[in-house]
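> no FASTA, just this:
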Ligand code: AVI
């Protein structure tokens, strides 16, 4: 009992936001959990496996875009304008820029750009930002070994906090990369709020490149979230396992099924975990219990697919204008470069 109590206190202190969000989501009607919590250690490993799946076309499509358009991207990213600050003139005459990546992961895709930029003699610094220190340290060590000449600095910070630090440090052009269709995991309102905040954290000459997964054959999209080998099912189920591990939950994973859907009209791929029976789940570390009716769903993820008109609208509503779209050969995916419009 005492041990349970101590464990409870420790867990709450370690991750109070997680505990609060899970309690709020399971108390809501309909029940929902945020997909941001998929990525504990096991979840991050499962996501690496997903990116290798035959059905998960997203990563390969974006890799193709970066490989095919790396020279054009460099041309766009290098600043051409002089600005008034004297200290910056030296840097700008050398076309210096800082390439900042949100959530770089293992850096597999960005390495295509880094290698090309170095070979082309570009003058830039690569700054990956991640809240996970382990992921970041692993990436920086790997990059230093692979590219000894690369100027790089990892920042273990919340995205906007890191951007504000960088903005106050120097006026050199910043190019922010938000790749991997991560924007698709936001609702429309969240995406507009995120992009507006991002624009406000940048200077007018800075750039943003976002990876959007595009609308395509609905069967192909659905298969990407329902792979034959069941890795995506495991990935989703792991959220319940994480709640068991961190909040003392007693979710019986056999009492839930993974159920992905895709609506070709809204472009929303949604994933649910559906309770196969009436059951009560207890979270002992936070002293809470939740009842599930038979076939009651928990909404766990949205992965939004875009068309160009919707991207245009999103940019406009967040105060950006589109400079260029870079597509893969099948037009499955697009990396869009944006600049502030205000
Ligand atoms: C990280 N994010 C863009 C992935 C996606 O496609 O929405 C996460 C994912 N969920 C299931 N498979 C992959």
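That came through fine. On a predicted model such as this, the values are computed, not experimentally measured, just so you know.

> if the nearest residue to residue 295 once chain neighbours are set aside is in a bridge, with which residues?
Residue nearest to residue 295 in three dimensions, not counting chain neighbours: residue 274, with 6.0 Å by CB to CB, 6 or more residues apart in numbering. Quick note: C-beta positions are derived from backbone N, CA and C, even for glycine. Residue 274 has these beta-bridge partners by DSSP bridges: residue 257, residue 297.

> so how many other residues sit close to residue 274?
15 (other CB atoms under 10 Å).

> check the gap between residue 19 and residue 306 for me.
Counting by CB to CB, to the nearest Å, the gap from residue 19 to residue 306 is 33 Å.

> over to residue 116?
26 Å.

> between these two, which one's more packed in?
With neighbours defined as other CB under 10 Å, residue 116 and residue 306 compare such that residue 306 has more, 23 against 16.

> show the pLDDT at the more buried one.
We have a pLDDT of 98 for residue 306.

> and if you look at residue 9?
According to the prediction, residue 9 has pLDDT 45.

> contact partners of whichever strand or helix holds residue 322?
If you go by DSSP states H and E, residue 322 is part of strand 320-327. Residues outside strand 320-327 that contact it (CB atoms under 8 Å, 6 or more residues apart in numbering): 65, 68-69, 72-73, 76, 195, 199, 207-208, 308, 311-312, 315, 333-341.

> residues of the protein that sit close to the ligand?
Within the chain, the positions near the ligand by CB under 6 Å from any ligand atom are 50, 58, 180-182, 184-185, 225, 232, 235, 301, 303.

> domains for the chain, by residue range?
Listed by automatic domain parsing, the domain ranges of the chain are 2-32+226-304, 58-79+86-214+313-340.

> so where is this protein shaky, pLDDT-wise?
For the chain, the stretches flagged by pLDDT under 70 are 1-14, 81-94.

> centroid residue for it?
Nearest residue to the geometric centre of the chain (CA atoms, centre = their mean): residue 182, 3.5 Å.

> which non-adjacent residue is nearest that one?
residue 103 (6.2 Å).
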